[in-house]
Each structure stands twice: as C-alpha cells, then as structure tokens.
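Participant: Test case, fold it:
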Amino acid sequence: MSTQRYTVTPHPIETLLTWVKSGEIAIPEIQRPFVWEATKVRNLLDSLYRGYPVGYLIAWRNPTVKLKDGSSSAGKRVLIDGQQRVTALMAALLGQQVVTKDYEQVRIRIAFNPLEEKFEVSNPAITKNTAWITDVGEVFSPGARLFDLVNAYCVRNPGTDQSTVFQIIEKLRKITNNLVGVIELDGDLDIETVTEIFIRVNSAGAELSQADFAMSKIASNESYSGNTLRKAIDYFCHLAVAPEFYGKIKENDTAFATTDFFKKMEWLKNENDDIYDPSYTDMLRVAFTSEFKRGKLSDLVALLSGRNFETKQFEDSIAEQSFGRLKVGVMNFINETHFKRFVMIIRSAGFVDASLIGSQNALNFAYILYLTLRVQGKPPADIETAVRKWFVMSMLTGRYSGSPESTIDFDIRQMHDQGFDAYGTVTFAGEMSDAFWNTLLPQQMNTSSSSSPYFRVFQAAQVKLGDHGFLSRDISVRDLILNKSDVHHLYPRNHLKGQGLNRGRYNQIANYALTQTEINIAIGDKSPEIYFKQIIEQCDGGKKKFGGITDITELRANFKENCIPQSMMSANVPDYDSFLEERRELMASKLKTYFQAL
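Facilitator: Next comes the predicted model:
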C-alpha cells in the first residue's frame, strides 16, 4: 500500500494559466500586493526563454465537501507555493494588472529585443527604441498573429533578417509550452503535515505559517465572500500603520469602499496611535480565538473547510457557519469602541509607548480577553483590572513566548470552562507568588537586554506610579519615555569598561535608569563615588550640577522612585555587584507593588 500523499505532474505553463483563468486553481494572493520587483519578472521570463527550471509549484486540493442537498463538491486546488511566479506570468504574458503595496492596480511591462534575445523592464528609453518589442504581452495576446508581428518589427527595423526574427519570436511564444512540475497534496492532509512538506520542498526553506494557510483559505473562498473578508483584514492592518491609505482604498477599490467593513474601519483615517498596530496574523488570531473559543489556527483552517470534528467529514454548512462567525470576530476586532477602549486599558497600565510592548502575543491575548469578558457582560471596571493584570503577568512570565498557540488554546478554554474569576485567581496565585517576586524575578533580571520584558514593565510601572526621572525634580518618567530620552548607566559604562568589564556586565538592566539628557551628559563617565557625593553636596547647598533637586528629603524620594539603594548616599558606595543585587530586589519589589495596584 502506497504511503505517498501527493502527486507530481508536469504541466505546460499555458495549461496552468488556463486553469487560473477558469478558477481550477485558486491563487489566494492575486488581490494582495505583488511583492516581486519588475526585474524579478524579467529574470523569470529570461529563465523560461533559456529553458532553465523555475521550480515546483505546490497546490493543496481543498477537501470534498458535502453540500446542503446531500451531494458532494470536489474542492478546487489552492496554490500555496508559486503564487508570485504564476502572478508574474499572468502579468507579463496575459497583460493582467497587479496590485502594488498601495493597492493600486498597475501593469508590469517586460520588453524583449529579438536581435539581442534580451529581456528588460520597459522604460521610456526602450519605448523609443524600435529594436525593442516594448511589451511581450502583445506577443501572447490571443489575437496576435506571428506573421503580422514579425512584419511590423522588420518594417520598424529595416535591414533585419525576417526569417531570423520569425524564429526568435516563435521561440519566445513557445515558452508557454515549457513544463512546470506541480506537486498536488492530498486534500485530507492536516495543516501541520502540509506545513512540513512546504518547508522541506521550498528551496529557500521559508516559513509558511498557519495564518498564511488560513488567509489563503479565506481568500480562495467565493461562496461566502472570502475575498472581501481577506481584504478587510489586510486593509485594516495597513490603515493602522498608514492612516493616509484610506483615500487610496476609496479611490482604487470602489467595490470594497461600499462594504460594512470599510465603514467600520473609517475611524482609522484619523488615528495615529501606534500602541497596537496588528499584523494580519495578530488580527486573525484575536478574531478567531475570541469568537470560536479556540487557540489553534489549524482549527480555523479546518472549520473554514467545513470540517466536522465529530464525524471527521467535511460539510458545506459548517464552512458557511464558520465564515459567518469569523466575520463577526473581525467586525468586533475593528469596532472603534472596542479597539480604543482596549488600547486605553493598556495605556492605563503605564504602557504609553509602543517601545514598551515587548510581546505582541501577550497584547493579542489581552485583546482576546477584553472581547471575551465584554461578551460575558462583566462590569467595565472589572474588565479593565483583569486585562491589565493578565497582560502584565503575561509580559513578566513570557507566557506566550514559547508555544503561544497551545497556551492561548488552553487559557481560552479554561476561561470559558471555569469562568475568568476562578481561573484567573488560580493562575495569578501560581504565577505571581511571593517566591516569584522575592526570588525568581530578581534572578531573571540578571540580564543585559534592555529589551527584556522586565525592564519594559519596570518602565511602565514607573509611569503608572507617577515616578520622576532619575535626579529630576519635575520631569516624569512618562515624559522621558514619550520624548525618547536617555537610558542612563548608574555606574557609567566607560567607568566600568575601564575596569575591564565586558558588555554583558556593564549593560545590566539593574544598571539602567531613565534620566534627562542634560543630567546624563553632566554625569558623563564619572565614577559613582564621585558623582553621588556631588549629588549629596548639591542637597547641602553646594553647586547645582545634576538636575533641580536640592533637598535631601526630595533626593531620598527620588532614589526610592527609581529603586536606587539608599546605600548610594553613604560615604562608601557599594561595589558594582552588590549594587546590582540590591537594586534588582528593589525593582522586583516595586513591580510587585505595581502589579497589586492594577
């Protein structure tokens, strides 16, 4: 018995293009931005002209589904690898327009010089040069006659050998007879297996995520407006980053501009907040998990295919229901009130700048939690507390950094089975115990990564608690973060380098404090023994060198806000390692106070 779960068949390019035009093969990316440069299209045609191989295409046949009348419908093939190549051929040979990154439709014109047998991207200079056929699409036009093409070319280029030109253009036309291998995967393969096959076959070893499969499944669906749903996801993500793109959608995609999706995302045209700029993977995950109470995107692919998890069969009614539910999830995601209130909650936890958001998956689940608790009718104040605490816990523990899908799936199921209050209480008690705050967290803060979640959350805690910058009397940590101010080394970097310490030692996060640029410059490379002594003198009526604090009580308060050990005010400043150990404990204690106040 054969274990082969695929077939490999060579097909002429002409046949493949015919299949695409007839819908036999679905190219889910056809309405998404074409990412190839025109020069890559030129190189593809040149390879075909010279008879070089251009790689395999991988198609995955949609499963056969049971229709409402009891009959079966064989699924079309979905092209999951080779989309850009096929799109390039359709653009160059058939004259089809492609969509740019700004979703404008343009023609890619590739020119051909029969005398030199050379391809080039068409440009004004080539257009004026009669030696070039400025658009090879003319050669492949259904109504094109080879004799007329050759005759017209020779008239434009007197003295050329008509027979030679005829042979060369005939050779050009025959590239559609070139064979391309199509690997067709069985429709009953699960998404994990298909992903594995893709990675092994794809020469570049590129990753094809489950979100990519899901988006392909959505875009290739014609029965339940899948392409419109796909555009809604793409457009929202693009608008979140570039609000000015709104006008281009309205101008270039008039059909989509009339949809409810477009009306619901209109608010983004005036929105410049970048705390949460979701990718299509983020948006898909939140919409799916909040609506379906599942965390694995492979389940979404199966449901959109019509899979009945109990009978293991595929039913069109399930596909229809799943598309409807996903649309609801997407609508909830893009709802202005939901989105803005969620971002407001994250900001209220002290995360006032995108630089403090270290985990996109933690942010995604926080939005899932917000939408879930809202549907469950939990009081708004309780939702805010729950979302803040869960997000901060997720950040500090790296909850969604290892195997995010499995953890998301587990968490959302438990929250629905047990209720958030019961599950949240147990989870917080287990994850954020005294052992975590007193022992584990200080140990984990022994790191030199300023992008570590611990330093990011510490900054958010300082914002939330209204702290001032190091040695600042009036300037808050919030102001410093929003103005991209300096991160100061409390034991100056060059001072430590001079003692032979390496980068990993002097860049410890427990050696960091946010401070005003002018204070940072004034401290320079001074040893802590010197500049801390000068700070004390400043508070005893001495020369004002570092910021505006001139009162010892204010200084102690500033030290406490920034978790500076009070031992730094003594005559004998502690050695660097002792300082780091004491400050980590103070930072962890502050984080505990912050978390409990959320």
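
Participant: State the distance from residue 96 to residue 108.
Facilitator: 9 Å (C-beta to C-beta, to the nearest Å). Where C-beta positions appear, they are placed from N, C-alpha and C, glycine not excepted.

Participant: tally of neighbours for the nearest residue to residue 53 once chain neighbours are set aside?
Facilitator: Excluding the flanking residues, the one nearest residue 53 by C-beta to C-beta, 6 or more residues apart in numbering is residue 47, at 7.8 Å. Residue 47: 16 surrounding residues under other C-beta atoms under 10 Å.

Participant: Residue 54 is in contact with residue 47, correct?
Facilitator: Yes. Shown here, residue 47 and residue 54 form a contact pair, counting by C-beta atoms under 8 Å, at 5.5 Å.

Participant: about what we covered before: just the element for the residue nearest to residue 53, please.
Facilitator: helix 38-49 (DSSP states H and E).

Participant: how about that helix as PDB, C-alpha atoms only?
Facilitator: Extracted C-alpha coordinates of helix 38-49, given in PDB (Å, rounded to 0.1, in the frame of the first residue of the first chain):
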ATOM      1  CA  ALA A  38       9.700  44.100 -12.000                       C
ATOM      2  CA  THR A  39      13.300  42.900 -12.500                       C
ATOM      3  CA  LYS A  40      12.400  39.500 -11.000                       C
ATOM      4  CA  VAL A  41       9.600  39.200 -13.500                       C
ATOM      5  CA  ARG A  42      12.100  39.900 -16.300                       C
ATOM      6  CA  ASN A  43      14.500  37.300 -14.900                       C
ATOM      7  CA  LEU A  44      11.700  34.700 -14.700                       C
ATOM      8  CA  LEU A  45      10.900  35.200 -18.400                       C
ATOM      9  CA  ASP A  46      14.600  35.100 -19.300                       C
ATOM     10  CA  SER A  47      15.000  31.700 -17.400                       C
ATOM     11  CA  LEU A  48      12.000  30.300 -19.300                       C
ATOM     12  CA  TYR A  49      13.300  31.500 -22.600                       C
END
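
Participant: Need the residues that contact that helix.
Facilitator: Contact partners of helix 38-49, identified using C-beta atoms under 8 Å, 6 or more residues apart in numbering, comprise 13, 53-54, 85, 88-89, 91-92, 108, 110, 112, 117, 119-121, 136, 171-172, 175, 178.

Participant: now the strands for the stretch 401-550 of the chain?
Facilitator: Under the criterion DSSP state E, counting those that start in this stretch, strands of the stretch 401-550 of the chain are mapped to 486-489, 512-515.

Participant: Check for me that residue 221 belongs to a strand.
Facilitator: No. Looking at residue 221 with DSSP: H, G, I helix; E, B strand; the rest coil, it is coil, so not inside a strand.

Participant: Could you give the number of residues near it?
Facilitator: Neighbours around residue 221, by other C-beta under 10 Å: 23.

Participant: List the buried residues of the host helix or strand of residue 343.
Facilitator: Per DSSP H and E, residue 343 falls inside helix 336-348. Buried positions in helix 336-348, judged by neighbour count with 16 or more other C-beta atoms under 10 Å: 338, 339, 341, 342, 343, 345, 346, 347.

Participant: again, but for stretch 137-156
Facilitator: Those would be 137, 139, 140, 149, 150, 153, 154, for stretch 137-156 by 16+ other C-beta under 10 Å.

Participant: for stretch 461-479, same thing?
Facilitator: For stretch 461-479, by 16+ other C-beta under 10 Å, it's 461-464, 467-472, 475-479.

Participant: Report the two of those residues separated the most.
Facilitator: Largest separation among the buried residues of stretch 461-479 by C-beta to C-beta: 464 and 471, giving 20.7 Å.

Participant: give me the element the closest residue to residue 390 other than its chain neighbours is part of.
Facilitator: Once flanking residues are discounted, residue 390 sits nearest to residue 369: 5.6 Å by C-beta to C-beta, 6+ apart. Per DSSP H and E, residue 369 falls inside helix 360-375.

Participant: helices or strands up against that helix?
Facilitator: Helix 360-375 sits against helix 280-292, helix 316-334, helix 336-348, helix 380-397, helix 404-418, helix 420-431, with contacts defined as 3 or more C-beta pairs under 8 Å, 6 or more residues apart in numbering; DSSP states H and E.

Participant: how about the CA coordinates for the shortest one, as PDB?
Facilitator: Think helix 420-431. Included here for helix 420-431 are C-alpha records, laid out as PDB according to Å, rounded to 0.1, in the frame of the first residue of the first chain:
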ATOM      1  CA  PHE A 420     -12.300  34.100  34.400                       C
ATOM      2  CA  ASP A 421     -12.600  34.800  38.100                       C
ATOM      3  CA  ALA A 422     -11.900  31.200  39.100                       C
ATOM      4  CA  TYR A 423      -9.200  30.600  36.500                       C
ATOM      5  CA  GLY A 424      -7.600  34.000  36.900                       C
ATOM      6  CA  THR A 425      -7.400  33.600  40.700                       C
ATOM      7  CA  VAL A 426      -5.600  30.300  40.500                       C
ATOM      8  CA  THR A 427      -3.300  31.400  37.700                       C
ATOM      9  CA  PHE A 428      -2.300  34.700  39.400                       C
ATOM     10  CA  ALA A 429      -1.600  32.800  42.600                       C
ATOM     11  CA  GLY A 430       0.500  30.300  40.900                       C
ATOM     12  CA  GLU A 431       2.500  32.600  38.600                       C
END
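
Participant: Give me the buried stretch members for it, please.
Facilitator: Buried residues in helix 420-431, defined by neighbour count with 16+ other C-beta under 10 Å: 420, 423, 424, 427.

Participant: In this structure residue 226 contacts residue 320, no?
Facilitator: No. The criterion here is C-beta under 8 Å, and residue 226 misses it with residue 320 at 11.2 Å.

Participant: Of these two, which one has the most company?
Facilitator: Taking residue 226 and residue 320 together and counting by other C-beta under 10 Å, residue 226 has the greater number of neighbours (23 against 16).

Participant: What lies in contact with the particular helix or strand that has residue 60 in it?
Facilitator: Assigned by DSSP H and E, residue 60 belongs to strand 57-61. By C-beta under 8 Å, 6+ apart, the surrounding residues in contact with strand 57-61 are 16, 25, 74-82, 85-86, 180-187, 189, 194, 197-198, 201-202.

Participant: still on that earlier bit, can you give me the mean pLDDT across the helix holding residue 369?
Facilitator: For helix 360-375, the mean per-residue pLDDT is 97.

Participant: From the chain's centroid, how far away is that helix?
Facilitator: In terms of C-alpha atoms, centre = their mean, to the nearest Å, the centre of helix 360-375 is found 17 Å from the chain centre.

Participant: Can you give me the buried ones in that helix?
Facilitator: Using 16+ other C-beta under 10 Å as the test for burial, helix 360-375 gives 360-374.

Participant: can you check stretch 315-326 too?
Facilitator: Those would be 315, 316, 318, 319, 320, 322, 323, 325, 326, for stretch 315-326 by 16+ other C-beta under 10 Å.

Participant: can you give me how far the helix or strand harbouring residue 152 is from the chain middle?
Facilitator: Taking DSSP H and E as the criterion, residue 152 maps to helix 146-156. Distance of helix 146-156 from the chain centroid (C-alpha atoms, centre = their mean) equals 50 Å.

Participant: right, and the helix or strand after it?
Facilitator: Defined by DSSP H and E, the subsequent element after helix 146-156 is helix 162-173.

Participant: if you skip the residues just before and after it, what's nearest to residue 133?
Facilitator: With C-beta to C-beta, 6+ apart, the residue lying closest to residue 133 is residue 112, at 4.8 Å.

Participant: Okay then, goodbye and thanks.
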